[in-house]
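Sharing a model prediction with you, sequence too.
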Amino acid sequence: MTVVPAQQTGGGGGSSGLYDVLELVLDRGLVIDAFVRVSLVGIEILKIDVRVVVASVDTYLRFAEACNRLDLESGPRKSPGLPDIVGEITESGARGKSKGALSGAAQTISDAFQQARGEGQSESRPRARKATARKREDEE
Amino acid sequence: MTTYVYGIAARSHPALPKDMGGVGTPARPVRVLQEGELAAIVSDAPEDLRPKRKDLLAHQNVLSEAGAGGAVLPMRFGSVAPDDAAVTGVLAERAEHYLERLQALDGKVEYNVKASHDQEAVLHRVMSDNPELRALVESNRQAGGGSYEDKLRLGEMVAGAVQAREGEDAAVLRQALETAAAAESVGPESTGWLANLSFLVDREKAEEFLAAVERVREGNPHLDVRVNGPLPPYSFVEPAPSEPAEARA
């Protein structure tokens, strides 16, 4: 019988909250050098810094496009994020407010992220080599 | 048979998990190894252990359960010792250090806070702060979207403005929450968030901390703030909790 203490999960909730916790399990916690750690192939991709990706032509074009569709007149005077604005901007609605040009800012990495999550579950291992190499460096 | 290690606790810990399911398929039963004043929460290690979602959750669940009853030093996922004797050997060798850490973390839990921008809201914010950007958007629009170069120039400026805003908002968040916490630890940057902060919070002050989070949310509607906790103190097991995780690696 497992009793897990109630968890406070705000905002995204659900799977994103869960994912936020897994990041801690993988990246923090006590490491004892006398013990071996299992390979974290496909997971190290978490650490890639968004700033590198943001500065790309693709990103700029996405931002420009998003601004083009932004309702400048209604925006500044209203409290941001009101439903009528959301309706205008949200690209597909598939992932609600957190999806769009900003996440497009790093879409490539996002995809890699998704894939890393998938790999975590499925045990397939593309992208493995680079991550493993980095991991080894970390451990040394 | 190798031994998977979940965490380290004091032998006097009142409710160490036993017989709950750990990592592996089928789940290996959790056991407790004792050495001096310390105890290790372990199970047999599956041979093919990999960072699968189910196993990561098993690791987290065992530690949540143990942490609910008293202080625990959570291991990072995937720590495997050659055998039980190797685990008790480490406990004996570093007893003083682990006991000190357990004492320091007694009665405290970790809250991890991640924030990201609500996209439309932050674009509005950036536009309203910057007349030059607004003018550029307007002129592009009148030119039917503008040329490739126009778009690129606009996009670059917006990206810069949003990034600057990310930095400012991360600082706001940190300042608002650090006063309600005993210690903080800055996590790695990544695509999914503009701030990734872990706070060590007295169990008894948890409500105070969560109220501070709520105030940040109310004062910053363009921020999406996610809170996870109470958690075992993953980010505070090392002696220098204020040090960023990167620097310890």
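That came through, no problem.

Low-confidence bits of chain A, can you list those?
Counting by pLDDT under 70, chain A shows low-confidence ranges at A:1-18, A:40-55, A:72-140.

Repeat the analysis, applying 50 as the threshold.
For chain A, applying pLDDT under 50 flags the ranges A:1-16, A:44-53, A:75-140.

which residues sit in contact with B:Lys205?
The contact partners of B:Lys205, by C-beta atoms under 8 Å, 6 or more residues apart in numbering or on different chains, come to B:Ala180. (Each C-beta comes from the backbone N, C-alpha and C, glycine too.)

Can you spell out the domain ranges of chain B, please?
B:3-106, B:109-119+B:160-248 (automatic domain parsing).

so can I have CSV of the ones you listed showing mean pLDDT and distance to A:Glu65?
Shown next, in CSV, are the domains of chain B (pLDDT from 0 to 100; distance: least, C-beta to C-beta, whole Å):
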stretch, mean pLDDT, distance to A:Glu65
domain B:3-106, 93, 35
domain B:109-119+B:160-248, 87, 12
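
A:Asp20 is nearest to which of the ones you listed?
The closest of the domains of chain B to A:Asp20 is domain B:109-119+B:160-248. By C-beta to C-beta, the value is 5.1 Å.

what about the closest one, distance to the chain center?
9 Å (C-alpha atoms, centre = their mean, to the nearest Å).

where's B:Ser128, which helix or strand?
Element membership for B:Ser128, per DSSP states H and E: helix B:119-129.

in that helix, what counts as buried?
B:Gln119, B:Glu120, B:Ala121, B:Val122, B:Leu123, B:His124, B:Arg125, B:Val126, B:Met127 (16 or more other C-beta atoms under 10 Å in any protein chain shown).

doesn't A:Asp71 make contact with the second one?
No: contact status for B:Glu120 versus A:Asp71: not in contact, 9.2 Å apart, counting by C-beta atoms under 8 Å.

Output the longest helix belonging to chain B.
Assignment by DSSP state H gives helix B:148-178 as the longest helix of chain B.

Can you list the buried residues in that one?
B:151-163, B:165-166, B:169-170, B:172-174, B:177.

what helices or strands is the helix or strand that that helix is followed by leaning on?
Next along the chain after helix B:148-178, taking DSSP H and E as the criterion, comes strand B:183-186. With contacts defined as 3 or more C-beta pairs under 8 Å, 6 or more residues apart in numbering or on different chains; DSSP states H and E, the packing partners of strand B:183-186 are helix B:148-178, strand B:195-202.

Determine how far the first one lies from the middle of the whole chain.
Read that as helix B:148-178. The answer for helix B:148-178 is 23 Å, by C-alpha atoms, centre = their mean.

report the angle between the axes of it and strand B:195-202?
Per axes from the mean of the first three to the mean of the last three C-alpha atoms, to 10 degrees, the angle that helix B:148-178 makes with strand B:195-202 is 10 degrees.

Would you mind getting the angle between helix B:148-178 and helix B:119-129?
Using the same axes, to 10 degrees: helix B:148-178 against helix B:119-129 is 100 degrees.

closest one to A:Val21 among the domains of chain B?
Per C-beta to C-beta, nearest to A:Val21 of those: domain B:109-119+B:160-248, 5.3 Å.

For chain B, just list every one of the strands.
B:3-10, B:31-35, B:38-44, B:72-74, B:79-81, B:108-117, B:183-186, B:195-202, B:223-231 (DSSP state E).

most packed of these?
strand B:72-74 (a mean of 29; mean count of other C-beta atoms under 10 Å in any protein chain shown).

Quick one: list the elements packing against it.
Packed next to strand B:72-74, using 3+ C-beta pairs under 8 Å, 6+ apart, are strand B:3-10, helix B:53-69, helix B:95-104.

nearest to chain A, of the ones you listed?
helix B:53-69 (4.8 Å; C-beta to the nearest C-beta).

Pull up the gap between B:Val158 and B:Arg165, please.
10 Å (C-beta to C-beta, to the nearest Å).

Quick check: neighbours shared by these two?
Common neighbours of B:Val158 and B:Arg165 (C-beta under 8 Å, 6+ apart) are B:Val126.

Report the angle between the longest helix of chain B and strand B:223-231.
Using the same axes, to 10 degrees: helix B:148-178 against strand B:223-231 is 40 degrees.

is helix B:148-178 anywhere near chain A?
Yes: for helix B:148-178 and chain A, the contact criterion (C-beta under 8 Å from any C-beta of the partner chain) is met by B:Asp150, B:Lys151, B:Leu152, B:Leu154, B:Gly155, B:Glu156, B:Val158, B:Ala159, B:Val162, B:Gln163.
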